[in-house]
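Trainee: Pasting the sequence and the predicted coordinates here, then a few questions.
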Amino acid sequence: MRGLSKYIVSNSVRAERCEATEIEIYCYNEAGCVSYPSFEEYTRAEKGENCTVWINMDGLADTELIRSVCQRFGIHELVVEDIFHTSQRAKIEDHGDSITILAKMMYYKDGELVNEQESVFIGKDFVITVGERRGDVFQKIREHLQNSESNVRKNKADFLAYLLLDSIVDGYFDVLETLGDRIDESEDSLLSDPDMETLHSLKEIKKDLLYLHKSIWPLRDIALWLERDRSTVISPDIREYVRDLYDHIMGAIDTTETFRELDAGLRDLYLSSVSNKLNNVMKVLTIISTIFIPLTFIAGVYGMNFVSMPELTWKWGYAAVMALMAVIAVLMIMFFKKKKSF
């Protein structure tokens, strides 16, 4: 079974996508919080009473480290494999003495939207989080752990798990705020001077909103499960916080749907603007063509070169024809002007 597991892991994680694994460990209780730079130091250290441990690992390159950490806390080998299958839909599984949650975490890093899988393992006195790459949305939680007056240190692992999920949802709102600004900029550009660059921007926003929708929606089911299921890992007191998390998720879903409708409306507006521009060009060309139709007729008549055409030998024939053509052109321009055709 172990050989099969290694084969599955090696075939589900592409080496070029894996970042070096970084680990951070916090062991805390109401009295204080201690951090460890490595898993070896954590295993050798003496822990205080009623300690809760949070182990956060970013990057999937060091599969042996990830497997050894999970094994130390009794996470089943088949469950660990879910960490490396990063294209999975968000889900929750109850294993009796622990809970596994797979969620999509989204945030901006160096101007680029990051969409990665975050694996969360929750036990009575531990939480393990594993992300695909370095970077996350948990900085506020780290700060709370260093604050002696914070509620985090006064609660257990289930409260920490709630905060982690809430931070992921907060990350969605940060992404939505940025996308909302981009939608406003695209709208201003459409109203002033629509171009292909604006259309490409709207298509990128549409794609980001689609990823966001697919990431948020399954969290709704996860929050409902945490609120209604009677797992021994989640205490009844935490269910009140989970209800707030559910409302938070529904707010993100509603905002995402609103932005998707706005984006679709702006793309329709762009197509309408381009169509109106084309219609205006065609109208101008039609007016010009209409003006030249009688002029072309006159020029065609006198270009037939028949012998018995007295105007051809008349001294003022050329001037008279040119004057007639000018009068006709002016009259037609006045006609189109009166009809407000331009």
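Mentor: Thanks, I have the structure now. What you see is a predicted model; the values in this text were computed from it and never measured.

Trainee: measure V152 to Q146 for me?
Mentor: Distance, V152 to Q146, using CB to CB, to the nearest Å: 10 Å. Yep, even glycine has a C-beta here, placed from its N, CA and C like the rest.

Trainee: Equivalent analysis for D263, please.
Mentor: For D263, the distance to Q146 equals 40 Å [CB to CB].

Trainee: These two: who's more crowded?
Mentor: D263 (25 against 14; other CB atoms under 10 Å).

Trainee: Would you agree the more buried one is in contact with I205?
Mentor: Yes. Under the criterion of CB atoms under 8 Å, D263 makes contact with I205 at 5.3 Å.

Trainee: Next, show the common contact partners of these two.
Mentor: Common neighbours of D263 and I205, using CB atoms under 8 Å, 6 or more residues apart in numbering, are I183.

Trainee: hmm, who's touching stretch 257-264?
Mentor: Residues from elsewhere that reach stretch 257-264 (CB under 8 Å, 6+ apart): 176, 179-180, 183, 202, 205-206, 209-210, 213.

Trainee: Need the residues you listed in JSON lines (columns: distance to V80, pLDDT and neighbour count).
Mentor: Conversion of the contacts of stretch 257-264 to JSON lines gives the following (distance: CB to CB, whole Å; pLDDT from 0 to 100; neighbours: other CB atoms under 10 Å):
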{"residue": "L176", "distance to V80": "32", "pLDDT": "95", "neighbour count": "21"}
{"residue": "L179", "distance to V80": "34", "pLDDT": "94", "neighbour count": "23"}
{"residue": "G180", "distance to V80": "38", "pLDDT": "93", "neighbour count": "15"}
{"residue": "I183", "distance to V80": "40", "pLDDT": "92", "neighbour count": "20"}
{"residue": "L202", "distance to V80": "41", "pLDDT": "90", "neighbour count": "23"}
{"residue": "I205", "distance to V80": "36", "pLDDT": "92", "neighbour count": "22"}
{"residue": "K206", "distance to V80": "36", "pLDDT": "92", "neighbour count": "16"}
{"residue": "L209", "distance to V80": "32", "pLDDT": "93", "neighbour count": "24"}
{"residue": "L210", "distance to V80": "30", "pLDDT": "92", "neighbour count": "13"}
{"residue": "H213", "distance to V80": "29", "pLDDT": "92", "neighbour count": "15"}
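
Trainee: can you tell me which of those residues are in helices?
Mentor: Among the contacts of stretch 257-264, DSSP state H puts 176, 179-180, 183, 202, 205-206, 209-210, 213 in helices.

Trainee: In the stretch 51-200 of the chain, what residue spans correspond to helices?
Mentor: Secondary structure of the stretch 51-200 of the chain (DSSP state H, counting those that start in this stretch): helices at 63-72, 77-84, 139-145, 157-192, 196-228.

Trainee: any low-confidence regions in the stretch 1-150 of the chain?
Mentor: Along the stretch 1-150 of the chain, the model assigns pLDDT under 70 to residues 1-17, 48.

Trainee: what about 90?
Mentor: 1-20, 29-32, 37, 43-50, 76-79, 85-89, 95-97, 109-113, 133-135, 146-150 (pLDDT under 90).

Trainee: cool, and the stretch 201-342 of the chain?
Mentor: In the stretch 201-342 of the chain (pLDDT under 90), the answer is 201, 226-240, 267-288, 291, 295, 297-322, 324-325, 332-342.

Trainee: Can you show me the strands along it?
Mentor: Remark: no strands are assigned in the stretch 201-342 of the chain by DSSP state E, counting those that start in this stretch.

Trainee: That concludes my questions; thank you for your assistance.
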